[in-house]
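Chemist: only the shape, not the letters, is given here:
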Ligand SMILES: [Zn+2]
């Protein structure tokens, strides 16, 4: 039982964003960082890692890849925020609607 708790807790308490458990569907060939040997599920995550962890040692192409990946990441986060706000408003006005007609 303590083993289950430990494995469940590893994921949430792993320091520096390291993954304690492998992803459920690992890729055939992971993208490997040439600087430290870390493996990533795709090239975008690798580009983000290189930009964050090895900023000083990057080539121009790697810097460009990092900028592209960072822009995509920002767009994804922005889209997520808009969707989350939309869902929140839907729930909010849904409750107002229910409250108005039930009471
Ligand atoms: Zn690295």
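Modeler: Structure's in. What do you need? Fair warning: this is a prediction, and the values are worked out from it, not measured in the lab.
Chemist: going forward, measure contacts between C-alpha atoms and count neighbours the same way
Modeler: Noted.
Chemist: next, count neighbours for the closest residue to the ion within the chain.
Modeler: Nearest to the ion in the chain, going by Cα to the ion, is residue 36, at a distance of 4.1 Å. Residue 36: 10 surrounding residues under other Cα atoms under 10 Å.
Chemist: the one 10 residues further on now?
Modeler: Neighbours of residue 46 under the rule other Cα under 10 Å: 23.
Chemist: what score does it have for pLDDT?
Modeler: We have a pLDDT of 94 for residue 46.
Chemist: ok, now residue 41?
Modeler: For residue 41, pLDDT reads 89.
Chemist: look at it and say how many residues are nearby.
Modeler: Residue 41, neighbours per other Cα under 10 Å, totals 16.
Chemist: residue 40 too?
Modeler: 18.
Chemist: do the same with residue 47
Modeler: So residue 47, with other Cα under 10 Å, has 22 neighbours.
Chemist: which residues touch it?
Modeler: 62, 65, 66, 69 (Cα atoms under 8 Å, 6 or more residues apart in numbering).
Chemist: who wins for neighbours among the residues you listed?
Modeler: Most surrounded of the contacts of residue 47: other Cα under 10 Å gives residue 66, at 24 neighbours.
Chemist: skipping its backbone neighbours, what lies nearest that residue in space?
Modeler: For residue 66, ignoring the flanking residues on the chain, the nearest one in space by Cα to Cα, 6 or more residues apart in numbering is residue 47 at 4.8 Å.
Chemist: ok, residue 40 next?
Modeler: Closest to residue 40 by Cα to Cα, 6+ apart is residue 31, at 5.0 Å.
Chemist: helix, strand, or coil at residue 27?
Modeler: Residue 27 carries the three-state label coil when classified by DSSP: H, G, I helix; E, B strand; the rest coil.
Chemist: now it: closest residue in space, sequence neighbours ignored.
Modeler: According to Cα to Cα, 6+ apart, the nearest residue to residue 27 is residue 41 (6.1 Å).
Chemist: counting by contacts, list what the helix or strand containing residue 92 packs against.
Modeler: Element membership for residue 92 (DSSP states H and E) is helix 60-102. Counting contacts by 3 or more Cα pairs under 8 Å, 6 or more residues apart in numbering; DSSP states H and E, helix 60-102 is packed against helix 43-53.
Chemist: no further queries at this time; thank you.
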